[in-house]
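Participant: what follows is a predicted structure for the sequence shown.
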Amino acid sequence: MTALPQERRIVTAIPGPKSQELQARRLAAVAQGVGSVLPVFTARADGGILEDVDGNRLIDFGSGIAVTSVGASAEAVVRRASAQLADFTHTCFMVTPYEGYVEVAEALAELTPGDHAKKSALFNSGAEAVENAVKIARAYTKRQAVVVFDHGYHGRTNLTMALTAKNMPYKHGFGPFAPEVYRVPVAYGYRWLTGPENAGAEASAQAIDMINKQIGAENVAAIIIEPVLGEGGFIEPAKGFLPAVRQFAADHGIVFVADEIQSGFCRTGQWFACEDEGIVPDLITTAKGIAGGLPLAAVTGRAEIMDAAHAGGLGGTYGGNPVACAGALGSIETMKALDLNAKAKNIEAIMKARLTAMAEKFDAIGDVRGRGAMIAIELVKDRTTKEPNPEAAAALAKACHQEGLLVLTCGTYGNVLRFLPPLVIGDDLLNEGLDIIEQAFARI
Ligand code: PLZ
């Protein structure tokens with residue numbers, strides 16, 4: 001960890017005067033379509049702290065949306081990426097290759113679930129990885145249909161917009177969308193009408209029935225699911241759902257793709273969230289946490305599926321950039337050295353205990369859920385009707401921001417507060433952040 005003191009410190013209003021000045025310039029120069037959760041401009045960040053240009057130090061419960069799991073300037077990431085920068089920044093792997101790319105592919109083969117032969121291809125963003133997983137699955141199966149789920153999120157490019165469930169803000173006005181994308185129910189336990197205990201069996205039966213009736217299993221190239229749905233509200237599909245869908249895919253020659261872009265790389269207390277139910281995907285997409293903040297993404301999977309795309313059929317100028325690969329090797333080194341899976345489990349224990357206690361005091365908390373350092377509370381107007389309360393989520397987030405705690409919202413109904421602290425955050429900062437959340441509840 002760098003020298004950045006791991007202490008919250010508020011010296012101005014949030015955002016402060018320097019951030020406000022920069023924000024004015026930004027509004028004049030940057031397209032409004034690119035938003036920001038909290039317009040404090042960052043000066044330094046590491047561990048559990050973001051320091052802004054006014055000298056405020058915020059506690060970070062966002063990790064840049066589950067990216068800086070090892071911190072935002074982890075020693076091994078900085079060391080390896082800096083050394084790579086000094087050697088060369090780019091050759092294009094498709095022109096002349098370099099060892100870092102191969103090392104990342106080897107690491108992915110070692111770390112992802114299953115002991116079958118695996119290969120990888122590297123890209124720049126999560127959306128690009130998902131798009132390429134679809135290309136590979138179509139090339140392998142010679143089929144076209146792609147099945148995705150309610151509340152799913154897979155990106156903002158044209159194909160991944162089609163795969164993403166939620167209209168606003170991701171799709172509205174941006175169509176037409178890619179064809180051959182079909183959406184089926186997911187086992188959202190908290191909102192399943194016959195109760196969470198029935199959700200796994202009923203939702204999987206409905207999903208499979210819809211695939212059979214509306215598409216035909218023999219037309220389906222891929223089923224793509226997030227083992228814990230991220231943007232959709234940190235929904236852990238109810239027990240039994242994932243194994244049933246995975247088995248259905250296996251029975252019908254459908255490529256089962258786990259999108260672990262948000263849930264992967266120690267975030268849920270496992271290298272990958274699908275391990276919790278013993279799921280071995282055919283392909284797995286990764287990004288975010290993989291490279292400690294540098295842009296890198298991957299598709300990893302069964303060698304025979306990965307090799308179905310013809311030579312030259314996959315790639316991109318920057319995919320697997322050498323500096324990003326060095327960052328990934330530094331990030332993985334840190335995850336192993338610090339046992340960040342254990343750290344994620346410790347974060348879960350602390351957060352769940354505190355949030356469950358808060359749920360006894362504050363009626364707006366309808367559900368406390370998530371795994372590892374991917375924890376959320378779903379806010380409702382009424383616990384019986386479960387009517388979503390996005391206003392409470394926005395008000396709580398705002399109250400936390402003013403006190404110097406960065407939190408994010410999510411959820412199809414915008415009513416989920418989600419907590420994604422860096423896995424290297426100290427217990428003291430974690431508890432201080434939870435204190436701020438508790439005070440915010442008391443205030444709103
Ligand atoms: N798949 C599961 O979580 C990115 C997006 C935030 P990119 N999630 C954060 C936003 O508003 O754009 C994500 C994800 C899952 C795919 C993606 C897409 O990854 O690197 O943002 O393209």
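Facilitator: Thanks, I have the structure now.
Participant: center of the protein - which residue?
Facilitator: Geometric centre of the chain, nearest residue: residue 262, 1.6 Å, by C-alpha atoms, centre = their mean.
Participant: how about the contacts made by the nearest residue to that one once chain neighbours are set aside?
Facilitator: Taking C-beta to C-beta, 6 or more residues apart in numbering as the measure, residue 262 lies nearest to residue 230, with 3.6 Å between them; neighbours along the chain are not counted. Backbone N, C-alpha and C define where each C-beta goes, glycine included. Shown in contact with residue 230 (C-beta atoms under 8 Å, 6 or more residues apart in numbering): 66, 153, 261, 262, 263, 374, 410.
Participant: confirm that residue 231 sits in a strand.
Facilitator: No - when the secondary structure is assigned by DSSP: H, G, I helix; E, B strand; the rest coil, residue 231 falls in coil instead of a strand.
Participant: and it, what pLDDT?
Facilitator: According to the model's per-residue confidence, residue 231 sits at a pLDDT of 98.
Participant: residue 245 versus the residue nearest to it when sequence neighbours are not counted, what's the distance?
Facilitator: Across the structure, with C-beta to C-beta, 6+ apart as the measure, the residue nearest residue 231 apart from its sequence neighbours is residue 153 (3.6 Å). Here the distance between residue 153 and residue 245 works out to 17 Å (C-beta to C-beta, to the nearest Å).
Participant: next: residue 145.
Facilitator: Taking C-beta to C-beta as the measure, residue 145 and residue 245 are separated by 15 Å.
Participant: between those two, which has more neighbouring residues?
Facilitator: Using other C-beta atoms under 10 Å as the criterion, residue 145 and residue 245 rank with residue 245 on top: 26 against 22.
Participant: so that one is in which element?
Facilitator: Under the criterion of DSSP states H and E, residue 245 resides in helix 241-251.
Participant: averaged pLDDT, that helix. What do you get?
Facilitator: On average, the pLDDT along helix 241-251 is 98.
Participant: check whether the helix or strand just after that helix contacts the ligand.
Facilitator: Reading on from helix 241-251 to the C-terminus, the next helix or strand found by DSSP H and E is strand 255-259. Yes - for strand 255-259 and the ligand, the contact criterion (C-beta under 6 Å from any ligand atom) is met by residue 259.
Participant: what packs against strand 255-259?
Facilitator: Identification of packing neighbours for strand 255-259 by 3 or more C-beta pairs under 8 Å, 6 or more residues apart in numbering; DSSP states H and E yields helix 126-141, strand 220-225, helix 241-251, strand 283-286.
Participant: send the alpha carbons of the first one over as PDB?
Facilitator: The C-alpha atoms that make up helix 126-141 are tabulated as PDB, following Å, rounded to 0.1, in the frame of the first residue of the first chain:
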ATOM      1  CA  GLY A 126     -16.200  -6.200 -19.900                       C
ATOM      2  CA  ALA A 127     -18.600  -5.500 -22.800                       C
ATOM      3  CA  GLU A 128     -16.000  -6.500 -25.300                       C
ATOM      4  CA  ALA A 129     -15.400  -9.800 -23.400                       C
ATOM      5  CA  VAL A 130     -19.100 -10.600 -23.400                       C
ATOM      6  CA  GLU A 131     -19.400  -9.800 -27.100                       C
ATOM      7  CA  ASN A 132     -16.500 -12.100 -27.900                       C
ATOM      8  CA  ALA A 133     -17.900 -14.900 -25.700                       C
ATOM      9  CA  VAL A 134     -21.000 -14.700 -28.000                       C
ATOM     10  CA  LYS A 135     -18.900 -14.800 -31.100                       C
ATOM     11  CA  ILE A 136     -17.000 -17.800 -29.800                       C
ATOM     12  CA  ALA A 137     -20.200 -19.700 -28.700                       C
ATOM     13  CA  ARG A 138     -21.800 -19.100 -32.100                       C
ATOM     14  CA  ALA A 139     -18.700 -20.200 -34.000                       C
ATOM     15  CA  TYR A 140     -18.600 -23.400 -31.800                       C
ATOM     16  CA  THR A 141     -22.200 -24.400 -31.900                       C
END
